[in-house]
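Visitor: Based on what follows, work out the 3D shape:
(2 chains)
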Amino acid sequence: MTAMDKAEADRLLAALLAGKLPDAQGRFGPYGGRYIPETLVPAFDRLEAAVKEILPSKPFRDELGAELRDWVGRPTALSPMRNLGRRWGAELWFKREDLAHTGAHKINNALGQALIARRMGAKRVVAETGAGQHGVATAAACARVGLPCTVYMGEVDMARQAPNVGRMRLMGATVVPVTSGERTLRAAIDEAFRDWVADPQNTFYCLGSALGPHPYPYLVRELQAVIGREARAQMLERAGGLPDILVACVGGGSNAIGLFHAFLGDASVKIYGVEAGGRGPGLGDNAARMAGGRPGVLHGTYSLLLQDAEGQVQETHSVSAGLDYSGVGPEHVLLRDIGRAEYLSALDQDALDCVRECSTYEGVLPALESAHALWGARELARRHPGTRILVGLSGRGDKDMPTLQSTLLAQQEVRS
Amino acid sequence: MSRTPAQKLADALRAVRRERVAVVAFLTAGFPTRERFRDELLAVAAEADVVEIGVPFTDPMADGVTIQRSSEVALAQGVNLSWILDTLKSLPPLKAQLVFMGYFNPMLAYGLPRLAQDAAEAGICGFIVPDLPIEESAEFEQALGAHGVAMIRMVTPVTPPARLEQLCRTAQGFVYAVSMTGTTGRSVGGDAGVPQETLDYLDRVRQLAGVPVCAGFGIRGPAQVAALAPHVDGVVVGSALIEAMEKGESTVELLRRLRG
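Guide: This next block holds a predicted model:
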């Protein structure tokens, strides 16, 4: 991959810290941009102008802040995890996004975008969802804000995540099964874009992760950055100092970028993202874009992509639906290139082991996605004993019960 | 001085326009099979004035289900740019002009300068890349320009006036005027005929463009072609052709019927 010289890396980090990235072209260094059909150009121009105007405005900040407090339940807790910390040989803290309304960090973004959609005068909201967490968050936010909501979801995912389909429908959303392609998240994103292309004037597309065409990677980061702002202040107050190590799971990368952002300027804090290592290193067996991806364009952004030699996008595999995507948010690739963050990958079984360990010793059932970050923390504690580690616990694992029944619990029954 | 492929394309459309509206036919490369694509291309290139060859991609976000389905079929047979270019080079000279339509990532993976050169050698006059707006297209346009190959601009009914002017002013080969918002494969105007506002928009595009204008998206029958004909230089037929192939109907007859 690109070996960037130190002067260029320092320049880009300084630009990032000064709030100058993404640049006017929507780029984080070489990554990002806006690769969209001509029909969507005016809609993206409108969105970009609205984001620039609304996001920093006081009425919006006040409204969002109040809703985050009263409806989402922020600030979320910072928990010392003494039992796991003792086992792993580290001072361990969790930022508890699992305690946010609807069970994951996704609500921070969905609520923010729904409020922006209402201020822009949108008549309806569309969204894509894989595991259903972003779909549930968008359905909830639209119910709260009073906008009709259509969620595109692959047929395969609808079968795997039936309870989330029911939750969305109860909250008034229309869930449209996607039968094209592999009938999972990628096809659902394609379909949500197609819906938007059909009526770009009245539709607001609530995109669920820190990827897609500019300004989404920026918008989603800004809406998720509340995680890191809270966590940093809580660490200073509760732990008496910054963490040595920060670790979060990376699918599209929204919870991770949200946690990392406030810490980027703290040179003493080492930052790690953990991707899905799936069944192993073979193409199609994982979603480890940082390890096996090459730069390319998917869903409107230039980033690392799991693809074959001909530029066809590859299917991915992970036990965790939320990490199971061929691309990764462009800002993460920049953070890696400039050496500000490092990316590891956890195997399916590593993640499952951490679900069990965290549940057993701390009474917290983490989402399978978040369990990848837990494996990262365990591994980093092994490499750097005695350090202070902050984990972004992005969501709770209740949604994973069907998967856990057929994996961890089945293994347990065999043993007992 | 010899004409560039881009100029050849524009001139061919202008020459046809003196007689009738030009027909641009879309075929997904390698669909329904590699062999039959070759035969279809030979037959269609004898009827149509331009053939738009679709380079399949896994995530065609501007296309409807028909073209998406045909892309999946082609990909399942291992169709890629190298095979398409080799096939084109092996064909006898065709009457119709050829352009590529495809998403950016497979082109990027092939290598832009190499693709521009190989495509020019295979007789490709222009590229339509639906996910490459003008803000992102400079590098590819430079590569194509070295061989005189056109980057064909798309414009839409929702394109604001200043942008429409910019896109038309810098167009090469022809301007691809998308006839409606949405993806390919639906029907422009439905049963009600082509709306007046669409015709007005096409007239505007034609006034601004220094090259011929072809309308595409949702053109399925002779009535639509007849309604559009006074306002454009050519019409693009895509999903309707693919559907005919899926049903085992003759694409040549469909093209003759559309041309009237």
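
Visitor: near chain A, which residues of the stretch 151-260 of chain B?
Guide: The stretch 151-260 of chain B has residues B:154-156, B:158-160, B:163, B:167, B:178, B:181-183 near chain A, with proximity defined as CB under 8 Å from any CB of the partner chain. (Glycine included, C-beta is placed from N, CA and C.)

Visitor: try it again with 7 Å
Guide: By the rule CB under 7 Å from any CB of the partner chain, the part of the stretch 151-260 of chain B lying against chain A is B:154-156, B:158-160, B:178, B:181-183.

Visitor: Just send these back as a markdown table, with secondary structure, neighbour count and pLDDT too.
Guide: Formatted as a markdown table, those follow (DSSP: H, G, I helix; E, B strand; the rest coil; neighbours: other CB atoms under 10 Å in any protein chain shown; pLDDT from 0 to 100):
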| residue | secondary structure | neighbour count | pLDDT |
| --- | --- | --- | --- |
| B:Met154 | strand | 24 | 97 |
| B:Val155 | strand | 26 | 97 |
| B:Thr156 | coil | 26 | 95 |
| B:Val158 | coil | 19 | 93 |
| B:Thr159 | coil | 23 | 96 |
| B:Pro160 | coil | 11 | 96 |
| B:Val178 | strand | 26 | 94 |
| B:Thr181 | coil | 20 | 78 |
| B:Gly182 | coil | 22 | 77 |
| B:Thr183 | coil | 28 | 74 |
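
Visitor: Can you tell me the element B:Pro25 falls in?
Guide: Check again: residue B:25 is Ala, not Pro. strand B:22-28 (DSSP states H and E).

Visitor: okay, that strand in PDB with CA atoms only?
Guide: C-alpha atoms of strand B:22-28 as PDB (Å, rounded to 0.1, in the frame of the first residue of the first chain):
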ATOM      1  CA  ALA B  22     -30.400   8.000 -34.800                       C
ATOM      2  CA  VAL B  23     -30.800   4.900 -32.800                       C
ATOM      3  CA  VAL B  24     -28.300   4.000 -30.000                       C
ATOM      4  CA  ALA B  25     -28.700   0.400 -29.000                       C
ATOM      5  CA  PHE B  26     -27.400  -0.900 -25.600                       C
ATOM      6  CA  LEU B  27     -26.100  -4.400 -25.200                       C
ATOM      7  CA  THR B  28     -24.600  -5.900 -22.000                       C
END
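
Visitor: Nearest residue to the residue in the stretch 151-260 of chain B that chain A sits nearest to in space, please, no chain neighbours.
Guide: The minimum distance from the stretch 151-260 of chain B to chain A, using CB to the nearest CB, falls at B:Gly182 (4.0 Å). Excluding its sequence neighbours, the residue lying closest to B:Gly182 (CB to CB, 6 or more residues apart in numbering or on different chains) is A:Ala198, at 4.0 Å.

Visitor: A:Leu305 against A:Gly327, yeah?
Guide: Yes - counting by CB atoms under 7 Å, A:Leu305 touches A:Gly327, with 5.1 Å between them.

Visitor: Name the residues contacting each of the two.
Guide: Common contacts of A:Leu305 and A:Gly327 (CB atoms under 7 Å, 6 or more residues apart in numbering or on different chains): A:289, A:298.

Visitor: Run me through the strand neighbours of the strand holding B:Ala25, direction for each.
Guide: Next to strand B:22-28 in the sheet, as set by DSSP bridges, lie strand B:50-55 (parallel), strand B:234-237 (parallel).
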